[in-house]
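Asks: Predicted coordinates and the sequence they were generated for:
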Amino acid sequence: MHLACFSVVWVGWSPIAVAVAVALYGIRMFAITAFYHRYFSHRTFKTSRSVQFVFALIGASATQRGPLWWASHHRQHHRSADQEGDPHTPHNGFWWSHMGWFLSKAHFHADYSRVKDWEKYPELRWIDRFDIAVPVALAMGLFLLGSALEYFAPQLNTSGGQMLVWGYFISTVVLTHATLTINSLAHRWGKQRFNTGDDSRNNGLLALITLGEGWHNNHHYYPASARQGFYWWELDISYYLIRLMGALGLVWDIKPVPKQRLKQGEQR
């Protein structure tokens, strides 16, 4: 996939292709951070089965496997953060924590005993079983859309190749590395407001590119909340969008950070 990004030399670019790449980065990042992470892994809010399925599907298009696989590994991470059993601790090296663990045979399969609460949904099991089908369908759809624009609206100067390379390959590669920085960089660089017994850090730059996930020390201190930017100055776009979905009736029972926990952080 990384090599495919170099195809941009041949296909070129267009404003539409770049805009689609940026939009898909944001939409899929939200699906990963809000749903794969805060919903499927930590159950920090509730939603309907249909919304659950839609965002599981969008998350799978990010090429980060299915929701059950993702939640299973993440729950194991919290059980043994930066200790033996943590699937992606930086103690095993930067590249292992960033990408090696994800590509290893040892972590290819998920331990579904960790996600029994989600295993009862056949549609989620289907996404996990055929997780590669979702990104392939997205890539094909983008190519066909670009080809249609090239034929029916040539004045837009957008081709199938541009939509495929920018909308899928470049967008997905950037999205993947941005997400994986939370496993690698957010356990190395940043500030540690709370003593959580691990190496989690708060990093404002990572929070910006991951829609709020960079407040990682906050999250390890209280993972049961949908909010990771605990204070008004900690930008947490995923949380703001979750609240918006709550106002629209799409999600509910959004779990806050207890006031006592916030006060403890203010004293540090």
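Replies: Arrived safely.
Asks: so where's the protein uncertain?
Replies: Where the chain drops to pLDDT under 70, the residues are 266-268.
Asks: So for it, the centremost residue is which one?
Replies: residue 32 (2.8 Å; Cα atoms, centre = their mean).
Asks: so that one sits in a helix?
Replies: Yes. Checked against DSSP: H, G, I helix; E, B strand; the rest coil, residue 32 lies within a helix.
Asks: Hmm, residue 59 and it touching each other?
Replies: Yes. Between residue 32 and residue 59 there is a contact at 5.3 Å, judged by Cβ atoms under 8 Å. Glycine gets a C-beta too; all of them are placed from N, C-alpha and C.
Asks: quick one, what contacts the residue nearest to the centre of the chain?
Replies: Residue 32 is in contact with 59, 62, 64, 70, 175, 179, counting by Cβ atoms under 8 Å, 6 or more residues apart in numbering.
Asks: 7 Å instead?
Replies: 59, 62, 64, 179 (Cβ atoms under 7 Å, 6 or more residues apart in numbering).
Asks: nearest to residue 53, of the residues you listed?
Replies: residue 59 (10.7 Å; Cβ to Cβ).
Asks: okay, now that closest one: neighbour count?
Replies: Residue 59 has 30 neighbouring residues, counting by other Cβ atoms under 10 Å.
Asks: Scan the protein for its longest helix.
Replies: helix 133-152 (DSSP state H).
Asks: Enumerate the positions of it that are buried.
Replies: Neighbour counts over helix 133-152 (16 or more other Cβ atoms under 10 Å) mark 134, 135, 138, 139, 142, 143, 145, 146, 147, 149, 150 as buried.
Asks: other SSEs contacting it?
Replies: Contacting helix 133-152 under the criterion 3 or more Cβ pairs under 7 Å, 6 or more residues apart in numbering; DSSP states H and E are the following elements: helix 160-162.
Asks: I would like the residues contacting the helix it packs on, please.
Replies: Here helix 160-162 has contacts from 11, 12, 13, 14, 17, 143, 144, 146, 147, 150, using Cβ under 7 Å, 6+ apart.
Asks: Please repeat the previous calculation with a cut-off of 10 Å.
Replies: The set of residues external to helix 160-162 that reach it, using Cβ atoms under 10 Å, 6 or more residues apart in numbering, is 7-8, 10-14, 16-18, 20-21, 140, 142-151.
Asks: Stretch 100-117 now?
Replies: With Cβ under 10 Å, 6+ apart as the test, stretch 100-117 has contacts from 40-41, 43, 64-77, 79, 86-89, 92-96, 118-119, 124-125, 128, 176, 179-180, 183-184.
Asks: run the last query once more with 7 Å
Replies: Contacts with stretch 100-117, where a contact means Cβ under 7 Å, 6+ apart, come from 68, 69, 71, 72, 73, 75, 76, 87, 88, 119.
Asks: Appreciated, that's everything.
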